[in-house]
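I need the structure of the sequence given here:
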Amino acid sequence: MRAPVFPFLPALAAAIICGAGLLPASLGAAEPEYTILDAGPNHREIEWVAEEADAGGHGTRVTHSYVELDPGICYAEAGNGKWVSSRAEFEQAESGHFVARQTQFQVILAPDLGEAGAVDVLTPEGVRLVSTP
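Okay, the predicted model is just below:
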């Protein structure tokens with residue numbers, strides 16, 4: 001038995017990818033400016049405006065938006081509590097410790113993971129967890 005042929009699938013896939021903003025709609029198109037409308041610990045709402053052709057071929061501005069869902073996508077900034085995008089990166093302190101501050105769970109790793117209390121985690125609720133691997 002022969003497998004079914006779906007000749008429209010490549011075009012459909014391309015339309016979905018372009019519509020999702022993963023590929024530019026045209027090579028000459030300018031990159032849209034993205035705005036974060038709302039954010040919380042596990043979501044971020046993104047909006048952008050794009051120039052698109054309507055059914056008559058006339059240029060029109062169309063507003064698009066979507067909501068990203070991801071555990072820990074944002075963290076509350078110290079001081080003002082504003083939700084900002086998390087950054088999964090460590091800074092190296094002068095002491096040699098590695099510190100991740102721009103995430104919900106702040107982490108400090110000792111330069112020698114074999115030492116007592118080498119892993120220090122501060123939860124969003126302010127609970128400090130210290131461990132030795």
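
what's the pLDDT at A3?
pLDDT, A3: 48.

cool, A11 as well?
Note for A11: predicted pLDDT of 48.

could you do the one 4 residues further on as well?
Confidence at A15, expressed as pLDDT, is 45.

repeat for A100
96.

I figured it hits A93, correct?
No. Using C-beta atoms under 8 Å, A100 makes no contact with A93, being 11.4 Å away. Where C-beta positions appear, they are placed from N, C-alpha and C, glycine not excepted.

neighbour-wise, which of the two wins?
Neighbour count, other C-beta atoms under 10 Å: between A100 and A93, A100 has more, with 17 against 11.

which residues does the residue nearest to that one when sequence neighbours are not counted contact?
Spatial nearest neighbour of A100, chain neighbours left out: V107 (4.4 Å); criterion: C-beta to C-beta, 6 or more residues apart in numbering. Counting by C-beta atoms under 8 Å, 6 or more residues apart in numbering, V107 touches 90, 98-100, 119-122.

just checking: what are the partner strands of the helix or strand containing V107?
Following DSSP states H and E, one finds V107 within strand 106-109. Strand partners for strand 106-109, identified by DSSP bridges, are recorded as strand 98-100 (antiparallel), strand 119-122 (antiparallel).

of all the ones you listed, which lies closest to Y66?
Nearest to Y66 among the strands paired with strand 106-109 is strand 98-100 (27.1 Å), distances taken as C-beta to C-beta.

chain center to that closest one: distance?
Put simply, strand 98-100 sits 20 Å off its chain's centre (C-alpha atoms, centre = their mean, to the nearest Å).

contacting residues around it?
Contacts of strand 98-100 (C-beta under 8 Å, 6+ apart): 88-93, 106-109, 111.

which one of the residues you listed is nearest K82?
Of the contacts of strand 98-100, the one sitting nearest to K82 (C-beta to C-beta) turns out to be Q106, at 16.4 Å.

what's the closest non-adjacent residue to the closest one?
Per C-beta to C-beta, 6+ apart, closest to Q106 is L122, 4.4 Å.

give me the contact list for stretch 36-56.
The contact list for stretch 36-56 (C-beta under 8 Å, 6+ apart) reads 21, 25, 29, 32-35, 59-76, 83-85, 104, 124.
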